[in-house]
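Enquirer: just need the structure, nothing else, for what follows:
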Amino acid sequence: MISMTALGIHLKVADIEKSRAFYDALGFKRVNSFGPDMSSTVSYHGTIYQIGESGLIEIADAHELVPEEVWHAPIANAKVTLFVKVLSLIPVIEAARRHNIPIADDPRWFPWGTFEMTIHDPDKLWVVFVSQDSVENKEALQQITQANVYRTEPDYSKQ
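Expert: I've put the predicted structure just below:
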């Protein structure tokens, strides 16, 4: 039997500093940074963020195992997204506003009991923030966003 202990994702980013600023601004917990200017043996720059107990996201501007043409390739759609569970969407909204990060789709409720909203990272990767449903969340989200959180369709008018 295979004992899996964590799940992570490697993101090859076009601009490491823009990506670091984005993930730092939204409260991702930075646990390591590396690069040739940091006494590292690799020739590229990267940062590792921890999500919860064992989730990891590594952003890097290159990688020795990935062909160079991939490093700056655009993300063309939402076939792969980041799913980030949070206790509340309100601090995410507040951080996004504080750092002038546009929200792609305002929070809305889903029938399985969550509120979800989407923000695009600098490479246009869709980052979906998810929180559990509650009456308090509904009222606070509607007030802070002035959006109908119980709409049934996404609102992509801001994209």
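
Enquirer: from residue 11, how far off is residue 122?
Expert: The span separating residue 122 from residue 11 equals 10 Å under the rule CB to CB, to the nearest Å. In this view, the C-beta of every residue, glycine as well, is placed from N, C-alpha and C.

Enquirer: any common contacting residues for these two?
Expert: Here residue 122 and residue 11 share the contacting residues residue 19, scored by CB atoms under 8 Å, 6 or more residues apart in numbering.

Enquirer: I'd like the next helix or strand past the lowest-mean-pLDDT helix or strand in the chain.
Expert: One helix or strand of the chain scores below all others by mean pLDDT, DSSP states H and E: helix 68-71, with a mean of 78. As assigned by DSSP states H and E, the chain's next helix or strand after helix 68-71 is strand 81-85.

Enquirer: could you give me the average pLDDT of that following strand?
Expert: Over the span of strand 81-85, the pLDDT mean works out to 94.

Enquirer: do stretch 100-115 as well
Expert: When pLDDT is averaged over stretch 100-115, the result is 90.

Enquirer: got the domain boundaries for this structure?
Expert: The record assigns the chain these domain ranges, following automatic domain parsing: 8-71, 81-145.

Enquirer: export the ones you listed to CSV and tack on mean neighbour count and distance to residue 2?
Expert: Conversion of the domains of the chain to CSV gives the following (neighbours: other CB atoms under 10 Å; distance: least, CB to CB, whole Å):
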stretch, mean neighbour count, distance to residue 2
domain 8-71, 15, 15
domain 81-145, 16, 22
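
Enquirer: hmm, residue 99 is touching residue 27, no?
Expert: No: between residue 99 and residue 27 there is no contact under CB atoms under 8 Å: 10.4 Å.

Enquirer: what is in contact with these two at once?
Expert: Contact with both residue 99 and residue 27 is made by no residue, according to CB under 8 Å, 6+ apart.

Enquirer: show me the shaky parts of the chain.
Expert: Screening the chain residue by residue with the criterion pLDDT under 70, one finds the ranges 39-40, 152-159.

Enquirer: who's the residue nearest in space to the middle of the chain bridged to?
Expert: Compute the mean C-alpha point of the chain, and by CA atoms, centre = their mean the closest residue is residue 127, 3.8 Å away. For residue 127, the beta-bridge assignment (DSSP bridges) gives partners residue 82, residue 119.
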